[in-house]
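*Asks:* Turn this into a model:
(one chain, ligands or ions: 1)
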Amino acid sequence: MAMRDDWAALHRGFGWQVPAGFNIAQACCGRWAARPDAAQRVAIVDHGSGATLSYAALQREAHAMSRLLSKLGVQRGDRVAIVMPQRFETAIAYMAVLQMGAVAMPLSMLFGPDALEYRLQDSEAVVALCDESSIANIAQVRAQCPALRTVVGVGAASADLSWEAQREQLAPEFVPVETAADDGAVLIYTSGTTGPPKGALIPHRALIGNLPGFVCSQNWFGFDGGGESRAVFWSPADWAWTGGLMDALLPTLYFGRAIVGCNARFSPELAFQLLEQRGVTHTFLFPTALKAMMKAFPQPHERFALQLQAIMSAGEAVGDAVFAYCRDQLGVVPNEMFGQTEINYVVGNCAIHWPARAGSMGRPYPGHRVAVIDDEGRECPAGVPGDVAVNRFDVHGDPDPIFFLGYWKNPGATRRKYTGDWCRTGDLATRDADGYLWYQGRADDVFKAAGYRIGPSEIENCLVKHPAVVNAAVVPKPDPDRGALVKAYVVLAPQAAQQRAGGDAARFDAELVAQLQLHVKDKLAPYEYPKEIEFIEALPMTTTGKVQRRVLRLREEERARAAGGAA
Ligand SMILES: Nc1ncnc2c1ncn2[C@@H]1O[C@H](COP(=O)(O)OP(=O)(O)OP(=O)(O)O)[C@@H](O)[C@H]1O
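*Replies:* Numbers count the residues shown, from 1 in each chain. I've put the predicted structure just below:
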């Protein structure tokens, strides 16, 4: 039977309806809290304790927190840093800040003092809400952040003020302000995968811009009109990251559903236990997480009873090995998505509307005009690689609400992001005749070796298919004759690492290198096989779980310089 494909019709038929006034907190919380079932409708489930927070309680606590922030002098437009893991108070804080018209600034609890200092200084946040996971780091940099007036501690954190102590004296009443859809809501710093992070100011309307992708990728939220089908969402993505905030927490609340919060460290074991125990039906699992799950539990159904209905994945290329694992072992064809903090997911798959193609990141979601463009901003023909770009205007000429407002205090960088109405992602891809996009790599990560253009993701994906490999990163190694040669850094799967530790490591390495080279040669073009392979304990990652190839590339350049100097 031919699979349904109504992508073209959806694309033509879709029109944005963005009201002039829109507030994320009202849409995600206020709306649900006003319903008669608000006290029973679960918003958040805490995985550690099993405790739940209803929409009524979320609103009540957010009102109390807004009152506290008002007392602390927080005004419309002020930045409030939220430095907490997946816990009730984190969601409460977002709702509290957003319903005041202030700007929420998510910061990962994994950030060390330098990362916190950079962002707190740059944003001039006036209040920071943090718990014991971040309080010591905040205390260390506090003196260097003169704009930061008050640090509020949640739970055991000892700060200027304790949220719990203040809460006892605060009435849970607050009148939310009205915001324009265009007002800034969230100041979120990019991952820093390719360079110093930039603060992207995201307006309230961006959540509306996100929804076609969320609805499509989840195949479910929104399709039953907020009805009563049982659904539980979970993502290990930190709620301080675009993926965790805009693709997990906020859309789940927008649809009045329950999301599981878990702040234990990710492991494949924990992930499967949580999926089973909480009866998770919908999830966003980034590729690094899926790769680890695939290697640790190649046949998870033997141990875990899963109820998954939809899996979305983004942040890095999913690749066909992970795709096949989701489809065959987790029982769900994954919906890969592609986007950036600045223009959060604009491309992806949608199993019920168009068939996914393994290895492709999908097609533009309805409402987004996405093209592959050349240096001059002209659309590349099918098959010709170029920069993935998103137009400010949809196919009908209406503004696309997904767009960020600009980089914080950096109009030059904002200007450089655009060529005319095209916003460049800096990611290279080709488009096929049917509109599917095939990822090649970030412009900064693609390189030439012996005259051939090398996109690391295809080679990495191929390496990961080998049972001994859990993850891989491909970078150029400077080479006097060929300009560069293909070098792969490889992290061994647990079993292979054990074998290596228990025997002759040098011999093991030599044999595995030869095997892996053959493995790539067999599957890809001969020039793509890694001439050099180095085993590494862990790849350098951003706090959002993305491989920092830049670090490995610099390491190779450094080594080449040192070798040149020594020669
Ligand atoms: N499906 C996907 N396939 C391949 N890459 C993806 C996919 N989804 C997202 N990405 C990558 O993630 C990037 C967006 O990530 P994010 O906005 O967190 O910032 P970053 O680009 O990692 O950070 P920085 O701009 O600081 O380097 C995209 O530009 C792309 O490189």
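*Asks:* residue of the stretch 201-350 of the chain with the smallest distance to the ligand?
*Replies:* Nearest to the ligand, among the residues of the stretch 201-350 of the chain, is Thr341, at 3.4 Å (Cβ to the nearest ligand atom). To be clear about C-beta, it is placed using only N, CA and C from the backbone, and glycine gets the same treatment.
*Asks:* how about that residue, what does it touch?
*Replies:* Taking Cβ atoms under 8 Å, 6 or more residues apart in numbering as the criterion, Thr341 is in contact with 188-191, 200, 202, 242, 404.
*Asks:* Mind pulling the model confidence for it?
*Replies:* With respect to pLDDT, Thr341 has a value of 92.
*Asks:* Determine the three-state secondary structure at it.
*Replies:* Under DSSP: H, G, I helix; E, B strand; the rest coil, Thr341 falls in the coil class.
*Asks:* if we can go back for a sec, tell me the least confident of the contacts of Thr341?
*Replies:* Lowest pLDDT of the contacts of Thr341: Ser191, 68.
*Asks:* In the record's domain split, what are the boundaries for the chain?
*Replies:* Using automatic domain parsing, the domain ranges for the chain come out as 54-179, 445-566.
*Asks:* Nearest to the ligand, out of these?
*Replies:* Using Cβ to the nearest ligand atom, the domains of the chain put domain 445-566 closest to the ligand, at 5.4 Å.
*Asks:* In a markdown table, list the domains of the chain along with mean pLDDT and distance to the ligand.
*Replies:* Shown next, in a markdown table, are the domains of the chain (pLDDT from 0 to 100; distance: least, Cβ to the nearest ligand atom, whole Å):
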| stretch | mean pLDDT | distance to the ligand |
| --- | --- | --- |
| domain 54-179 | 96 | 12 |
| domain 445-566 | 91 | 5 |
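*Asks:* any idea which of the ones you listed is most buried?
*Replies:* Burial of the domains of the chain is given as mean neighbour count (mean count of other Cβ atoms under 10 Å); domain 54-179 ranks first at a mean of 20.
*Asks:* where along the stretch 251-400 of the chain do the strands fall?
*Replies:* With DSSP state E, counting those that start in this stretch as the criterion, the stretch 251-400 of the chain has strands at 258-261, 282-284, 310-313, 335-338, 347-348, 363-364, 370-373, 386-391.
*Asks:* Which strands or helices does the helix or strand following the last one pack on?
*Replies:* Toward the C-terminal end, the helix or strand that comes next after strand 386-391 (DSSP states H and E) is strand 406-407. Applying 3 or more Cβ pairs under 8 Å, 6 or more residues apart in numbering; DSSP states H and E, one finds that strand 406-407 makes contact with strand 199-203, helix 411-416.
*Asks:* does the residue lying closest to Ala240 once chain neighbours are set aside have beta-bridge partners, and which?
*Replies:* Nearest non-adjacent residue to Ala240, counting by Cβ to Cβ, 6 or more residues apart in numbering: Pro106, 3.8 Å away. With DSSP bridges as the criterion, Pro106 is bridged to Ile82.
*Asks:* what separates Pro106 from Val154, distance-wise?
*Replies:* Distance of Pro106 to Val154, computed by Cβ to Cβ, to the nearest Å: 15 Å.
*Asks:* Between the helices and strands packed on strand 406-407, which one is closest to the ligand.
*Replies:* The ligand lies closest, by Cβ to the nearest ligand atom, to one member of these: strand 199-203, at 7.7 Å.
*Asks:* Can you list the strands that the closest one pairs with?
*Replies:* If you go by DSSP bridges, strand 199-203 pairs up with strand 184-189 (antiparallel), strand 406-407 (antiparallel).
*Asks:* thinking again about what came up before, hmm, Met246 and the residue nearest to Ala240 touching each other?
*Replies:* No - counting by Cβ atoms under 8 Å, Pro106 stays clear of Met246, with 10.1 Å between them.
*Asks:* joint contacts of these two?
*Replies:* With Cβ under 8 Å, 6+ apart, Pro106 and Met246 have common neighbours Val186.
*Asks:* From Ala128, how far out is Ala139?
*Replies:* Ala139 is 10 Å from Ala128, where distance means Cβ to Cβ.
*Asks:* between those two, what contacts are shared?
*Replies:* Shared contacts of Ala139 and Ala128 (Cβ under 8 Å, 6+ apart): Val151.
*Asks:* show me the contacts for the residue lying closest to Trp241 once chain neighbours are set aside.
*Replies:* Once flanking residues are discounted, Trp241 sits nearest to Thr544: 4.6 Å by Cβ to Cβ, 6+ apart. Contacts of Thr544 were listed using Cβ under 8 Å, 6+ apart, and they are 108, 191, 237-238, 241, 243, 286, 315.
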